[in-house]
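Colleague: got a sequence here, can you model it:
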Amino acid sequence: MAVTVTDEGPVRVVVLDRPAARGAVDGPHARALLEAFEELESREDLSVGVLTGSEGHFCAGADLKAVSSGEMPVWDPGKGPGPMGPTRLHLSKPVIAAVEGHAVAGGLELALWCDLRVASSTAVFGVYCRRWGVPLIDGGTIRLPRVVGQGVALDLVLSGRSVLPDEALRIGLVNRVARAGEALAEAVAWAHELAALPQLCAREDRLSLLEQWGLSLDDALANEWAHGMKSLSAGVGGAAQFVSGQGRHGA
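Modeller: Presented below is the predicted three-dimensional model:
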């Protein structure tokens, strides 16, 4: 199976290693990606995931040969994994996408599923499936406007045009741009920085941020409070450390 997993301390690196298919995902690879991130969620010793491709290819989307032959099952929401694998998982831990080359169609949806995105100067994003009349069915029409705003998302969804790294950074589609060949190294270094922080508080704040969509302001504030209480109930050590001066001025 061309999905490889490497654990570097608290950071799990998942590589979709199908360069001959430009990282396109078929049924078996979708399942392998799903299992890699399910294990990330279940293991206490892992805190952050990184998803990338190999040999300059992130993911060109669903393997259309597998789709046309019926070899790639599509599950209804709530009845199985997403077509791209982990895209319907709700993890308590963050995942960073490290993008070299194309992240288009379903590959864009896979990158959007991640919390953060590091793109190299070679990266290309786009709803390329528009060109063949293939719909976004794995979160693209939902996550894209939440990341870049509705107006920009409509431009990308309706046109299917390419988005290069400088524009992707400007519109908020990616968080950082690295030099060619260095997206994975930067993403892994960033993941280790995140993993070194107090995890319970970071995870609860992250969940509050993600869960606010669809909630009224009052309900969102109540949900934030509930998550915050989980962090505080674990102890007031963090507050005591701040009062004593630890962590100030970037320390």
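Colleague: can you pull the pLDDT of the residue lying closest to Pro135 once chain neighbours are set aside?
Modeller: Of all residues not flanking Pro135 in the chain, Cys129 sits nearest, at 7.1 Å (Cβ to Cβ, 6 or more residues apart in numbering). Any C-beta I mention is one placed from the backbone N, CA and C, and that applies to glycine too. Per-residue confidence (pLDDT) for Cys129: 91.
Colleague: for the chain, which spans come out with low pLDDT?
Modeller: Applying pLDDT under 70 to the chain flags residues 1, 64, 66-80, 235-251.
Colleague: would you map the helices across it?
Modeller: Using DSSP state H, the helices of the chain run over 27-42, 64-68, 106-113, 140-148, 150-159, 165-171, 183-195, 199-211, 217-233, 237-243.
Colleague: looking at those, which is buried most?
Modeller: Sort the helices of the chain by mean neighbour count, taking mean count of other Cβ atoms under 10 Å, and helix 106-113 sits at the top with a mean of 29.
Colleague: by contact count, what packs against that one?
Modeller: With contacts defined as 3 or more Cβ pairs under 8 Å, 6 or more residues apart in numbering; DSSP states H and E, helix 106-113 has these neighbours: strand 95-99, strand 124-126, helix 140-148.
Colleague: return the first one as CSV; C-alpha atoms alone will do.
Modeller: Taking Å, rounded to 0.1, in the frame of the first residue of the first chain, the C-alpha atoms of strand 95-99 are listed here in CSV:
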residue,chain,number,x,y,z
VAL,A,95,-3.3,18.1,11.2
ILE,A,96,-1.0,20.2,8.9
ALA,A,97,-0.9,19.7,5.2
ALA,A,98,2.5,20.0,3.5
VAL,A,99,1.8,20.7,-0.2
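Colleague: run through who's touching that strand.
Modeller: 37, 40, 48-53, 58, 103, 110-111, 113-120, 123, 125, 174, 183-184, 186-188, 190-191 (Cβ atoms under 8 Å, 6 or more residues apart in numbering).
Colleague: any idea how far the residue positioned nearest the centre of the chain is from Leu136?
Modeller: Centroid-nearest residue in the chain: Cys114, 0.7 Å away (criterion: Cα atoms, centre = their mean). In this view, Cys114 and Leu136 are 16 Å apart by Cβ to Cβ, to the nearest Å.
Colleague: do Thr87 as well
Modeller: 11 Å.
Colleague: same question for Leu158.
Modeller: For Leu158, the distance to Leu136 - Cβ to Cβ - is 12 Å.
Colleague: and what of Ala226?
Modeller: 32 Å.
Colleague: can you check Val15 too?
Modeller: 24 Å.
Colleague: what does Gly149 give?
Modeller: From Gly149 to Leu136 the distance is 17 Å (Cβ to Cβ).
Colleague: who has more neighbours out of the two?
Modeller: Leu136 (20 against 13; other Cβ atoms under 10 Å).
Colleague: what's that one sitting at in phi/psi?
Modeller: Leu136 has phi and psi values of phi -90, psi 120 when expressed as degrees, to the nearest 10.
Colleague: was I right to think it contacts Val157?
Modeller: Yes: contact criterion Cβ atoms under 8 Å: Leu136 and Val157 qualify, at 7.1 Å.
Colleague: list residues touching both of these two?
Modeller: Val127.
Colleague: I'd say Thr4 and Val15 touch.
Modeller: Yes: counting by Cβ under 8 Å, Thr4 does reach Val15; the two are 4.6 Å apart.
Colleague: which of those two has more residues huddled nearby?
Modeller: Using other Cβ under 10 Å as the criterion, Thr4 and Val15 rank with Val15 on top: 19 against 13.
Colleague: okay, and the beta partners of the more buried one?
Modeller: Thr4, Thr52 (DSSP bridges).
Colleague: how many neighbouring residues does Ala21 have?
Modeller: 17.
Colleague: how about it, nearest residue that isn't a chain neighbour?
Modeller: Using Cβ to Cβ, 6+ apart, the closest residue to Ala21 is Asp63 (6.2 Å).
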